[in-house]
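>>> Provided below are the primary sequence and the corresponding predicted coordinates.
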Amino acid sequence: NIIGCDITYNAFGNGAALRTWKGSPNLEHCWIAFNESDPWGNIHAEQSCLTLSNCYVAYNRATFGGGVFADWSSSVSLFDCVFLSNEAEYGGGVDAYLADLYMANCIVSGNSASEDGGGIRGYESQVIISSCEISENSATTGGGISLAHGAVSQVSNCTIHHNTAKVYGGGIYVSLTSPE
């Protein structure tokens with residue numbers, strides 16, 4: 001477990017703040033900010049089980065998953081976290097690619113993606129979002145949430161407001177998938 005840590009001002013190609021491969025770290029009450037990773041997310045989980053609870057993930061930048069990037073058969077659970085002002089090309093706050101993503105009681109606000117999923121992007125992933133506030137995010141498609149290419153998803157009891165998209169889906173963009 002990683003508890004009560006500040007993980008700030010790091011730079012690296014994959015997972016500037018945290019990189020896990022076939023691991024199962026739990027982060028609690030951490031401040032993860034001002035990290036820069038190119039191309040993969042500042043918190044990068046590959047073939048891993050990652051849990052974040054009561055964490056603040058802000059002002060990070062990457063190509064995929066400015067805050068968190070769940071990759072290749074990973075299972076990522078996010079509880080009571082704040083994702084604020086992260087930037088990426090895909091998945092400004094959180095990006096799930098061929099992974100399982102579960103989010104509950106999170107705030108996802110002010111994140112941006114130059115392509116898909118300003119707040120959250122699910123691509124060929126199972127995405128469950130419950131009781132979250134998703135606001136003031138922006139992207140070309142899916143300002144708040146982008147669910148694409150077979151993403152199996154459920155969005156329930158969420159407040160999704162003041163998100164913007166340049167082309168499609170200011171709040172939610174769904175393509176080649178069907179959310180519940």
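Everything's here; your move. Residues are numbered from 1 along each chain as shown.

>>> count of neighbours near D38?
When neighbours are defined as other Cβ atoms under 10 Å, D38 has 15 of them. All C-beta atoms are positioned from the backbone trio N, CA, C, and that covers glycine.

>>> ok, and the closest non-adjacent residue to it?
Spatial nearest neighbour of D38, excluding adjacent residues (Cβ to Cβ, 6 or more residues apart in numbering): T63 at 5.6 Å.

>>> may I have the phi/psi pair for that neighbour?
Main-chain torsions, T63, degrees, to the nearest 10: phi -80, psi -50.

>>> how much space between it and N26?
As judged by Cβ to Cβ, to the nearest Å, T63 and N26 stand 26 Å apart.

>>> higher neighbour count, those two?
T63 (19 against 13).

>>> residue contacts, that one?
By Cβ atoms under 8 Å, 6 or more residues apart in numbering, the contact list for T63 reads D38, P39, W40, A88, E89, Y90.

>>> tell me the buried residues in the helix or strand I128 falls within?
Using DSSP states H and E, I128 falls within strand 126-130. Neighbour-count burial for strand 126-130 flags Q126, V127, I128, I129 (criterion: 16 or more other Cβ atoms under 10 Å).

>>> ok, stretch 23-36 next?
Buried positions in stretch 23-36, judged by neighbour count with 16+ other Cβ under 10 Å: L27, E28, C30, I32, A33, F34, N35, E36.

>>> what mean pLDDT does it have?
The pLDDT scores in stretch 23-36 average 98.

>>> about what we covered before: what does the strand holding I128 rub up against?
96, 99-105, 120, 145, 147, 151-158.

>>> re the thing from before, want to throw the buried residues of strand 126-130 into a markdown table with pLDDT and distance to E136?
A markdown table is the format used below for the buried residues of strand 126-130 (pLDDT from 0 to 100; distance: Cβ to Cβ, whole Å):
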| residue | pLDDT | distance to E136 |
| --- | --- | --- |
| Q126 | 95 | 26 |
| V127 | 96 | 20 |
| I128 | 97 | 22 |
| I129 | 98 | 17 |
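
>>> closest to G15 among those residues?
Using Cβ to Cβ, V127 comes nearest to G15 of the buried residues of strand 126-130, at 20.7 Å.

>>> can you select the buried ones among the contacts of T63 for me in PyMOL?
Buried subset of those, written as a PyMOL selection, criterion 16+ other Cβ under 10 Å:
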select buried, resi 40+88+89+90
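
>>> tell me which of the contacts of T63 fall in strands.
Counting by DSSP state E, those place D38, P39, W40, A88, E89, Y90 in strands.

>>> now do the same contact list for the second one.
Contacts of P39 were listed using Cβ under 8 Å, 6+ apart, and they are G13, N14, A62, T63, F64.

>>> helices or strands next to the next helix-or-strand element following the strand holding I128 in the packing?
Moving toward the C-terminus from strand 126-130, the first helix or strand encountered (DSSP H and E) is strand 133-135. If you count contacts as 3 or more Cβ pairs under 8 Å, 6 or more residues apart in numbering; DSSP states H and E, strand 133-135 packs onto strand 107-109, strand 159-161.
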